[in-house]
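Participant: below is the structure, and that's it, no one-letter string:
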């Protein structure tokens, strides 16, 4: 009888432990899902207020080497800890920017709600600018991270 009670108590303790672990895992998954929802909502509220591109060697026919300056405002309620930025060069006659741009630069920031930041991008060792001076360019924030 004592032995059976001990076995039952042990089994109950193990059941409670498994239940507690499952509840903890569920809370973690919910917190991750909530953070991702907040991140996506914040990303939709990040605005590029202005941007400027300067060809570093204006006497050359193209713009292989360049600097881009973009003023970015956080219009979300979240504090942004990382900004990922992409840009593309297109023919001069192109009217619209692509919906998707590849990330080319990431900046660690602390951008509070309502604040703006200037991100300076130097082509550096990259020589991916357009071959002629007749071009159009687009700059977009491609991703962000928020403070949990």
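Facilitator: Done, it's in. Note that the coordinates shown come from a computational prediction; the quantities given were computed from them, not determined experimentally.
Participant: would you map the helices across the chain?
Facilitator: Remark: helices assigned in the chain by DSSP state H are 2-43.
Participant: okay, now the unreliable bits of this protein?
Facilitator: 125 (pLDDT under 70).
Participant: for the protein, which segments count as strands?
Facilitator: Shown for the chain, the strands assigned by DSSP state E span residues 46-55, 66-74, 80-91, 105-111, 116-122, 135-146.
Participant: could those go into a markdown table alongside mean neighbour count and distance to residue 98?
Facilitator: In short, each C-beta sits where N, CA and C put it, glycine included. What follows is those, written out as a markdown table (neighbours: other Cβ atoms under 10 Å; distance: least, Cβ to Cβ, whole Å):
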| stretch | mean neighbour count | distance to residue 98 |
| --- | --- | --- |
| strand 46-55 | 15 | 15 |
| strand 66-74 | 19 | 16 |
| strand 80-91 | 18 | 6 |
| strand 105-111 | 15 | 17 |
| strand 116-122 | 14 | 18 |
| strand 135-146 | 19 | 7 |
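Participant: do you know which of the ones you listed lies nearest residue 3?
Facilitator: Ranking those by proximity to residue 3 (Cβ to Cβ) places strand 135-146 first, at 54.9 Å.
Participant: sheet-wise, list the partners of the closest one with their directions.
Facilitator: Taking DSSP bridges as the criterion, strand 135-146 forms sheet pairs with strand 80-91 (antiparallel).
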